[in-house]
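In: Predicted model, plus sequence, below.
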Amino acid sequence: MNERKGLRVQMNFFDKMQQHTGVSLNDVQKQAVRYSDGPLLLLASPGSGKTTTLNMKIGYLLLVKKIPARAILAITFSKASAQDMAQRFDQFFGKLTHEKVHFSTIHSFAFQVVREYFAKQRINFQLVEGGNDVPLHKKIILRNIFTEIKDTNPTEDEMDELLTYISYVKNRMLSSKQLSTVKSSISGIADMYKAYEQFKTQNPQYPLLDFDDMLTYCLRILQDDEQIRTKYQRRFEYILTDESQDNSVIQHEIITILAKPQNNLCVVADDDQSIFMWRGSDVQKLLEFEKNYPQAKILTMTQNYRSTPEIVKIANDFIKRNPKRYTKEMFTENPSGESIEIHNMQRYELQLNYIIQEIEKSSNPKETAILYRNNSSAIRLVDKLNKAGLPFYMKDVDLKFFRHWIVEDIINFMRLSYNDSRVDILEKVHTKMNAYITKKQMMYLKNNNDKTSVFDQLQTVRHADYQEQALNKTKKLIKKINILDPEEAIKIIRKNLGYEKSIRNTAEHLGFNEEGLLGILNQLEHIAVGIPNLEAFARRLKELEEIMKTSWSNKGRDVVTLSTLHSAKGLEYDNVYMIDLVDGIIPSKDDLKQQDEDNSEPIEEAARLFYVGMTRARKHLELLTYHLKDDEHVEESQFLKQVRRLVKGKELVKKEVGYLKSKPSRDIPVNAITKKEDLQLNSYVEHHVFGKGEIRELSGQAIGVEFESVGYKKFMIDICLKQGFLCNIE
Ligand SMILES: Nc1ncnc2c1ncn2[C@@H]1O[C@H](COP(=O)(O)OP(=O)(O)OP(=O)(O)O)[C@@H](O)[C@H]1O
């Protein structure tokens, strides 16, 4: 093609695309689309049209450069983004070409390579994660290794830490010698990692692979097997990677090899949105792009099409606090809107009440997101939302809270109060209260249990006089718990039975985060407010778990979205509320500690997370903080202080009193069932979230309904009646 003709074809492409999609690319976007031969780093600010540009670029390769689809490899960050890209590609080009480009995650590409290699070697391998049909799961292997090495079962938190550690080590390609450089609260974690690796490879004819191994093997195969390497290098003439700021070291290595020798590699990234360092991503690789490809072209897309200038300006100025970054000045030509709001509440509860009020007021909840750093922020929020009758969609449901050992302990204390002859339950909690019960005494009870009160039985084998008193006191307290309401009961367990002291001791001895553990107790206490008895409390926990678990069924409905900041990546909403903006959460305690120890990387990553949150908002952004949580003073987030300085007095500090509420916060429908006697077995009702269902169970405090849309669910009758959740069907 001669130069003029080439230029004409390009012009036609952009004009045609504008007519076809309504999107008129800006100059940098066009340059990025056109630049296809050689390495290109496309640095893009949030909302600057990365996905749009990447899609146009692929269309350009197909339609203008006549590259067959199978020669293009487009790597996305997650399965969901691969689907999203494929969908958007179809919208743009579905009518213009029949060619189908394969959008793939790096893991699914690696899997293809690994499968091919093992087939060639006639070796059977087995996956240890993904799906329920995996015969031997990674978590089971690791649980066993942990128990063998530590002589105790891991907690859920320890399992998480171990899984993250292993993933980090592999993604960062750390050698055995470097293992000790990775910080962990679990002693002996490096040995666990080594034992795990050894276990998986003990039979070379039948290796076990987890998802991270897919990358490790893929890289090794590409390095060592010339035939496979050249096959893929020849096949993929053009490689594009999206969200590359979150690629790990090993992912960068795989892509570097694949792109050789022509290096037609387009890397789309925003170093300011790199938020997965803890999982092994390495933004350093991006910052070194020019060093690795001296002939590289670097383009910067900084026009934001998403947000108002008020949001764009503050977010842009905020992220400059991080010194190690590519300099970019994000700007927008969008019309002006409202300024960012900062709300500094007196107490944590007021933040919750405020959020509820805002959602109730909202005419379009689907366009509203509540973002928080930790999943634990969601528990009380979900409780409140449910009590207010506000349905929601939760982006990444984490049910760990409900299985936490502290929750189990509290339920066990309550169980014991129903029947204090239960040796099996006492065994689970005997070391966690002030009764000085020894292992030997427990053995005695197990062998001689006469089904009377365990405390009376223990009196016969007590060792010291002080134990007599302690056992008497414990027996009385345990009995008392049974007649108290759950909120009071938890207080007695914490303070009088000595459970809180035992948690503090455990935290100190095992290096657990004491504040986090006590936080779980506080959450339980709050959930318990207003619940009449212990059974109802246990049921409420189950109910909350179920509500969270099934919130996916609200996806796409006109409901508010709850999400961690991490999972909000790539999404956008008209209204965004960032909550729990206090020091200790964002930045976390550990971020702050590491900063004190001269490692500023974690706090910079936390700032990027904050930035990701702010840039999700199209029109309305609110940042929420408070002074007091559970009677403890908390400091507002230092990031928020920075934003406050940038907003300069435009904030609206609202008065606490405006948000206090005690009554049900939604309008109860006229046909709502408010009396227990109006609930009839086998009759049909309409639930405010789950729709039509048949009452199948009515027992004590609980009601069970079989719904047409989501199946069987159990609720607390009291809450349903008070909040008007169930309505008669005409
Ligand atoms: N040249 C353009 N003109 C008008 N709108 C555009 C243009 N480019 C992109 N957009 C629009 O801007 C919005 C953001 O684009 P996109 O989702 O591609 O951004 P992104 O860079 O991937 O965002 P983020 O990284 O923050 O998730 C989309 O609604 C898109 O249609």
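Out: Okay, I see it.

In: can we go C-alpha only for contacts and neighbour counts from here?
Out: Fine.

In: so who does residue 298 touch?
Out: Counting by Cα atoms under 8 Å, 6 or more residues apart in numbering, residue 298 touches 40-43.

In: Apply 6 Å and report the result again.
Out: Contacts for residue 298 (Cα atoms under 6 Å, 6 or more residues apart in numbering) come out as 40-41.

In: cool, residue 195 as well?
Out: Residues near residue 195 by Cα under 6 Å, 6+ apart: none.

In: How about the one 10 residues further on?
Out: Taking Cα under 6 Å, 6+ apart as the criterion, residue 205 is in contact with residue 123.

In: hang on, it in a helix?
Out: No. Per DSSP: H, G, I helix; E, B strand; the rest coil, residue 205 lies outside any helix segment and is coil.

In: For it, grab phi and psi.
Out: When read as degrees, to the nearest 10, the backbone of residue 205 gives phi -80, psi -10.

In: ok, so what distance separates it from residue 124?
Out: Between residue 205 and residue 124 the computed distance is 7 Å (Cα to Cα, to the nearest Å).

In: Each with direction, which strands does the longest strand anywhere in the chain pair with?
Out: In terms of residue count, the longest strand belonging to the chain (DSSP state E) is strand 617-629. If you go by DSSP bridges, strand 617-629 pairs up with strand 341-347 (parallel), strand 573-578 (parallel), strand 632-633 (antiparallel).

In: what sits up against the longest one?
Out: What it means is strand 341-347. Contacts of strand 341-347 (Cα under 6 Å, 6+ apart): 622-629, 651, 653.

In: Could you do the shortest one as well?
Out: Residues lying outside strand 632-633 but in contact with it, judged by Cα under 6 Å, 6+ apart, are residue 627.

In: next one: it to chain centre, how far?
Out: Distance of strand 632-633 from its chain centroid, counting by Cα atoms, centre = their mean, to the nearest Å, is 26 Å.

In: Can you identify the element that follows it toward the C-terminus?
Out: With elements assigned by DSSP states H and E, the helix or strand that comes after strand 632-633 is helix 638-647.

In: ok, now the first one?
Out: Sequence-wise, the next helix or strand downstream of strand 341-347 (DSSP H and E) is helix 348-361.

In: So the residue nearest to residue 531 when sequence neighbours are not counted versus the ligand, what's the distance?
Out: The shortest distance from residue 531 to any non-neighbouring residue, by Cα to Cα, 6 or more residues apart in numbering, is to residue 537 (6.2 Å). According to Cα to the nearest ligand atom, to the nearest Å, residue 537 and the ligand sit 41 Å apart.

In: Give me the secondary structure label for the residue of the stretch 401-550 of the chain found nearest the ligand.
Out: Residue of the stretch 401-550 of the chain nearest the ligand, by Cα to the nearest ligand atom: residue 548 (25.6 Å). Following three-state DSSP, residue 548 is assigned to helix.

In: any chance you could map the strands in the stretch 201-350 of the chain?
Out: With strands called from DSSP state E, counting those that start in this stretch, the stretch 201-350 of the chain shows them at 208-209, 238-241, 265-269, 297-301, 341-347.

In: strands paired with the first one, and their directions?
Out: When sheet partners are counted by DSSP bridges, strand 208-209 sits next to strand 126-127 (parallel).

In: Only the buried residues of whichever helix or strand comes after the partner strand, if you could.
Out: As assigned by DSSP H and E, the chain's next helix or strand after strand 126-127 is helix 138-150. Residues 138, 142-146 are the ones in helix 138-150 that count as buried (16 or more other Cα atoms under 10 Å).

In: end-to-end on stretch 584-594?
Out: Per Cα to Cα, stretch 584-594 runs 12 Å from first to last residue.

In: Repeat that for stretch 33-50.
Out: 11 Å.

In: check whether that stretch contacts the ligand.
Out: Yes. Counting by Cα under 6 Å from any ligand atom, the ligand has neighbours in stretch 33-50: 46-50.

In: tell me which residues of that stretch are tucked away?
Out: Buried residues in stretch 33-50, counting neighbours by 16+ other Cα under 10 Å, are found at 33-34, 36, 38-50.

In: Tell me how many other residues crowd the residue of the stretch 51-200 of the chain found nearest the ligand.
Out: Nearest residue of the stretch 51-200 of the chain to the ligand: residue 51, at 3.8 Å (Cα to the nearest ligand atom). Using other Cα atoms under 10 Å, the number of residues around residue 51 comes to 19.

In: Which of the three states applies to it?
Out: For residue 51, the assignment made with three-state DSSP gives helix.

In: and the buried residues of stretch 33-50, which of them are in strands?
Out: Using DSSP E, the subset of the buried residues of stretch 33-50 located in strands is 40-44.

In: could I get those residues as TSV with pLDDT and distance to residue 529?
Out: Listed next are these as TSV, based on pLDDT from 0 to 100; distance: Cα to Cα, whole Å:
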residue	pLDDT	distance to residue 529
40	96	57
41	95	54
42	94	52
43	94	50
44	94	48
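
In: Out of those residues, the closest to residue 291 would be?
Out: Ranked by distance to residue 291 (Cα to Cα), those are led by residue 41 at 12.0 Å.

In: ok, back up a step: the longest strand of the chain: how far from the chain's middle?
Out: 19 Å.

In: Could I get the contacting residues of the residue of the stretch 401-550 of the chain closest to the ligand?
Out: For residue 548, no residue meets the contact criterion (Cα under 6 Å, 6+ apart).

In: now do the one 3 residues further on
Out: Residues near residue 551 by Cα under 6 Å, 6+ apart: 393-394.

In: same check, this time on the one 4 residues further on
Out: Contact partners of residue 555, counting by Cα under 6 Å, 6+ apart, are residue 393.

In: State the distance from it to residue 78.
Out: Between residue 555 and residue 78 the distance is 18 Å, computed by Cα to Cα.

In: With residue 591 instead?
Out: Remark: distance between residue 591 and residue 78 (Cα to Cα) = 26 Å.

In: Between these two, which has more neighbouring residues?
Out: Between residue 591 and residue 78, counted using other Cα under 10 Å, the more crowded position is residue 591 (22 against 16).

In: looking only at pLDDT, what's the mean for the helix or strand that residue 505 is a member of?
Out: Using DSSP H and E, residue 505 maps to helix 499-510. When pLDDT is averaged over helix 499-510, the result is 90.

In: how about low-confidence regions in the stretch 401-550 of the chain?
Out: Of all residues in the stretch 401-550 of the chain, none has pLDDT under 70.

In: Could you rerun that using 80?
Out: 461-465, 510-512 (pLDDT under 80).

In: what does it put close to the ligand?
Out: Residues of the stretch 401-550 of the chain that fall close to the ligand, judged by Cα under 6 Å from any ligand atom: none.

In: Name the nearest residue to residue 264, ignoring sequence neighbours.
Out: Residue 264's closest residue in space is residue 38 (Cα to Cα, 6+ apart), at 4.4 Å.

In: And the one you found, how close does it get to the ligand?
Out: Taken as Cα to the nearest ligand atom, the span from residue 38 to the ligand is 22 Å.
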